[in-house]
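>>> this is a predicted model, with the sequence first.
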Amino acid sequence: MSAVGHATVAHAHDDHGHDHHHEQTFITKYIFSTDHKMIAKQYLITGLLMGIVGIAMSVLFRMQLAWPEQSFWIFEALLGKWAPGGVMTPEIYLALVTIHGTIMVFFVLTAGLSGTFSNLLIPLQIGARDMASGFLNMVSYWLFFISSIVMLSSLFVEAGPASAGWTIYPPLSALPQAIGGSGMGMTLWLSSMAIFIASSLMGSLNYIVTVINLRTVGMSMTRLPLTIWAFFVTAIIGVVSFPVLLSAALLLIMDRSFGTSFFLSDIFIQGEVLSHQGGSPVLFEHLFWFLGHPEVYIVILPAMGLVSEIMATNSRKPIFGYRAMIASILAIAFLSTIVWGHHMFISGMNPFLGSVFTFTTLLIAIPSAVKAFNWITTLWKGNLQMNPAMLFSIGFVSTFITGGLTGIILGDSTLDINVHDTYFVIAHFHLVMGISALYGLLAGVYHWFPKMFGRMMNKNLGFVHFWVTAIGAYGVFFPMHFIGMAGLPRRYYTNTAFPYFDDLQDVNVVITVFAIITAAVQLVFLYNFFSSIFFGKKATMNPWNATTLEWTAPVEHIHGNWYGEIPSVYRWPYDYSKTNENGEYVIAGQDFVPQNVPLQEGEEELNH
Amino acid sequence: MTVFLVIIVIALFAVTVWQMSKIFELSRGNHTDSTQVANERDNKINGYLMLMFVIFLYVISIYCFWHYSKFYLPEAASAHGSEVDTLMFISIALIMFVQVLTQGLLHWFAYKYRGEKGKKALFFADNDKLEFIWTIIPVIVLAGLIIYGLFTWSDIMNINEEDDPLVIEIYAYQFAWRARYSGEDNTLGKANVRFIQGVNQLGVDESDSYGNDDIIINELHLPVGRPVVFKFRSQDVLHSAYFPHFRAQMNVVPGMITQFGFTPTITSEEMRNSEYMVEKVGRINGIRKDKSKELMAAGEVPLDSYEFEYYLLCNKICGQGHYNMQMKIVVESEADYNAWLKEQQTFGETMAAQVEVPSVDMISNEKDTLEEELNEEGNTETELE
């Protein structure tokens, strides 16, 4: 352990923080910044803006589902020619669900969540001046920005944006004859994702290198906060799996534009046989889900890390089972790469493979269960400080459990047969990786806002935001399980073609009403966020009385993070409410001991 | 009912907003504290709200199970279906047990241990015994579920050829289904999209003698109690053949043949007259009647009343008509089935009838009308305009 510490000595002593006073122009400070704190803010704000688009889309198609084929002025205003007379067309419905999925999964919950907090917290929490490569970091953000622009621009294409579902299974996504969105819209989708993957890889490599090489003196791997463990492992999964999506996208581009047949075979469409021969759409599914499944852990692991950290701080207790938490992150990461087939039980692949994937998939429930129990135990006998970040963290555990449990049904190939691609799946993954990851993101924003902007967010608005969101999220997704159990398929423009589903309509109305309320209350958050940047109460250095290193850095942002020397680390990050044998706090009158405080006299370093 | 539910939701929302505003007022009254860090009052209010929230969670669960469990699919109409349903029932019971317990603990702790000034949290960093217990319990429970699931899965997926299953091809295209019965030889003729021409819409190879007695039809009839194996073929994009009432589903993949087998056990007639279905159809027709009244008041055509039929639907996004890609399924007695089958024209007969038409123009005309027919069956052109 100390060997790792030595490697960082040289860097830790080059205290260059105080002698950097070169003037920065607006452009180098706010736009092409190489400072990790500024890049984190850029990621966050871009992610939030994309989130507004993604959530607004979901409100639109939820309205169509609740009141099918009815006219709304807002459809006409926002969708234009895609909603003649205010009635949404099937084409744009499919486009909306596709782009909603893409934006939320990649642009909000991958870049917005992991991009923001990895950038902000890795250097600050491990005690580094900046990322290993500030330039690469800047390029990573700007590629992300470009890919966002390309994705949004696809909304304005003549034949419509990509509409083959966010999973873009060919042949539907390969043939413009099959659906309008598979023309220019899909080309832009693929280009955008290719740029996004490049961005993600640059970011991930940077995170990995930084965590391995730039830890301050004493910051051994087992003294890392769980946030850093989560970001580190997330980055590794990203490096392992994103290239596979890139290759799938490249092969698809070749099938689309250069007449190859990787995924296409024996197709007769619009009165003619295509020349493609010998490809297999199932191959695409394998490649897609080889990324696609780890992707959901790329989304949820950072949220888990943030939640662990926030929960310990606000419970005034160490996180329960620190090593078990690390072990379960590693186990989840490993298993996440060998479970992709559970998306394909009925894809036509060999049923024996289905058995294997059922086995590995249900295994992943074990580390997940350990984590959930450990979070609950962390609350036990704590002294819970109900800050908005804490509320969202508790909400995270709640939705993660609710959503995770139904995974036991979906991960079982036998049961998957009848709920596959129904609303049951929608309810499951929205709770377990959508809502949970969003809660993680929001918790992180509330908690680290003082670190990012030097000001505090309004807590009362935070409480309103949390409680309405918490009720709304369950209101949307809990009833959704039941219409899924009724066999209602996803991605249906309207359910009126099947009179059998007529009695589910009321449930759809309830869901939509909850969705609109929940979406509306996010405006409270946006108001709070943007107004606090400028008018929030000035933050103190360590408002939450936390132990990790970022709270030893000054409130104002300086290049290099700390004036003078980088703090050294003497203990693990969770010395909350630690007492000596006589029952007194280690530091009298203070229920936390920051990581940079050396062991006190008579204090025992418990080996966690 | 809709109005009632909407009112409940709005009322709940109103209560929430009211509660929120109360919190607002309470904390605004305290001018000395403006740190934006939760104080004792915040801890207390939010602690109580946590307790209320878990009650809300229980109430919404009970409400959903009470009112929405009627939407569950009826008793499985296939031989393997009841096993799936049993496993589903066990899983749901287990899930709900864990759900109630863990959510209860989580929110109870959040309430019970809400922060107070001077309270000392317990420094409790780990406990091997506890962690071992909650690792091993999921291991055992999941092992049970995995084993049960895997046995059922291999039972379902391994098609027993010795039962002499009826071979039927399900053919998918944007946006409708066709069924091709294998005829007396119970063997499907070879087929490929490259043979599609004129009335040979499924691309059956005319030179393959097995294909002559094949019967192509757009309605699926199945004899009750006889194992059926479906061979799925797609003409254009991915589709998924979903038979919800039979607990069966398989993707339909262009360029390859996928398969799924099951034995229907309940005839359409029996299902229609089952208690469940009588109630459900009654409910649906009530809704349709109300809607029809509104439609007629607006001068539009009223809805037909609904009678239950099994259906096959597409469950993999396949284009703009995806939401209406369905085929009727009729499960009937062996005798009825045979009588029905006898009336149908075989592929050989269809093709022979074509040969009698001499002129080339006629064939191309034929193709046009066929395409029109295809479109109409897709039901999309008319609906979407």
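Alright, I've got the coordinates.
>>> for the record, mean pLDDT for stretch B:74-85?
For stretch B:74-85, mean pLDDT rounds to 94.
>>> for that stretch, measure first residue to last.
10 Å (Cα to Cα, to the nearest Å).
>>> tell me which residue is most central in the chain.
No chain in the question, so chain A it is. Chain A has A:Leu109 as the residue nearest its centroid, 2.8 Å off, counting by Cα atoms, centre = their mean.
>>> you looked at the wrong chain, it should be chain B
Centroid-nearest residue in chain B: B:Pro244, 5.5 Å away (criterion: Cα atoms, centre = their mean).
>>> my read is that that residue contacts A:Asn418, right?
Yes. If you go by Cβ atoms under 8 Å, B:Pro244 and A:Asn418 touch, sitting 6.5 Å apart. Where you see a C-beta, it was placed from the backbone N, CA and C, and this is true even at glycine.
>>> what do these two both touch?
A:487, B:73 (Cβ atoms under 8 Å, 6 or more residues apart in numbering or on different chains).
>>> strands along the stretch 151-300 of chain B, start to end?
For the stretch 151-300 of chain B, the strands defined by DSSP state E, counting those that start in this stretch occupy B:166-173, B:176-181, B:215-217, B:220-223, B:228-234, B:239-243, B:248-252, B:258-262.
>>> for these, give me CSV that also has distance to B:Glu349 and mean neighbour count.
CSV is the format used below for these (distance: least, Cβ to Cβ, whole Å; neighbours: other Cβ atoms under 10 Å in any protein chain shown):
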stretch, distance to B:Glu349, mean neighbour count
strand B:166-173, 18, 23
strand B:176-181, 13, 22
strand B:215-217, 9, 19
strand B:220-223, 18, 22
strand B:228-234, 22, 23
strand B:239-243, 27, 27
strand B:248-252, 27, 27
strand B:258-262, 27, 21
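>>> nearest to A:Arg256, of those strands?
Closest of the strands of the stretch 151-300 of chain B to A:Arg256 is strand B:228-234, at 18.8 Å (criterion: Cβ to Cβ).
>>> any idea how far that closest one is from the chain center?
Taking Cα atoms, centre = their mean, to the nearest Å, the mean C-alpha location of strand B:228-234 is offset from the chain mean by 18 Å.
>>> quick one on the thing from earlier: the strands of the stretch 151-300 of chain B: which one's closest to A:Ala327?
strand B:248-252 (36.7 Å).
>>> how big is the angle separating that closest one from strand B:166-173?
50 degrees (axes from the mean of the first three to the mean of the last three Cα atoms, to 10 degrees).
>>> what lies in contact with strand B:248-252?
Residues contacting strand B:248-252 (Cβ under 8 Å, 6+ apart): A:346-348, A:417-418, A:420, B:78, B:81, B:170, B:172, B:230, B:232-234, B:238-243, B:258-260, B:262, B:315-316.
>>> what sits against the closest residue to chain B within the stretch 251-400 of chain A?
Using Cβ to the nearest Cβ, the closest approach of the stretch 251-400 of chain A to chain B is made by A:Ser265 at 2.9 Å. A:Ser265 makes contact with A:276-280, B:254-256, according to Cβ under 8 Å, 6+ apart.
>>> contacts only, for the spatially closest residue to it that is not a sequence neighbour.
Spatial nearest neighbour of A:Ser265, excluding adjacent residues (Cβ to Cβ, 6 or more residues apart in numbering or on different chains): B:Gly255 at 2.9 Å. Neighbouring residues of B:Gly255 by Cβ under 8 Å, 6+ apart: A:264-267, A:278-281.
>>> that's a strand at B:Ile329, yeah?
Yes. Counting by DSSP: H, G, I helix; E, B strand; the rest coil, B:Ile329 is located in a strand.
>>> quick one: it from A:Ile253, how far?
Using Cβ to Cβ, to the nearest Å, B:Ile329 is found at 40 Å from A:Ile253.
>>> neighbour count winner among these two?
Neighbours per residue (other Cβ atoms under 10 Å in any protein chain shown) separate B:Ile329 from A:Ile253, with B:Ile329 holding more: 21 against 17.
>>> was I right about that one contacting B:Tyr311?
Yes. In this structure, B:Ile329 is within contact of B:Tyr311 by Cβ under 8 Å, at 6.1 Å.
>>> coming back round to it: for the nearest residue to the residue nearest to the centre of chain B once chain neighbours are set aside, give me the pLDDT.
Spatial nearest neighbour of B:Pro244, chain neighbours left out: A:Gly487 (3.4 Å); criterion: Cβ to Cβ, 6+ apart. A:Gly487 carries a pLDDT value of 94.
>>> I'm done for today, thanks for sticking with me.
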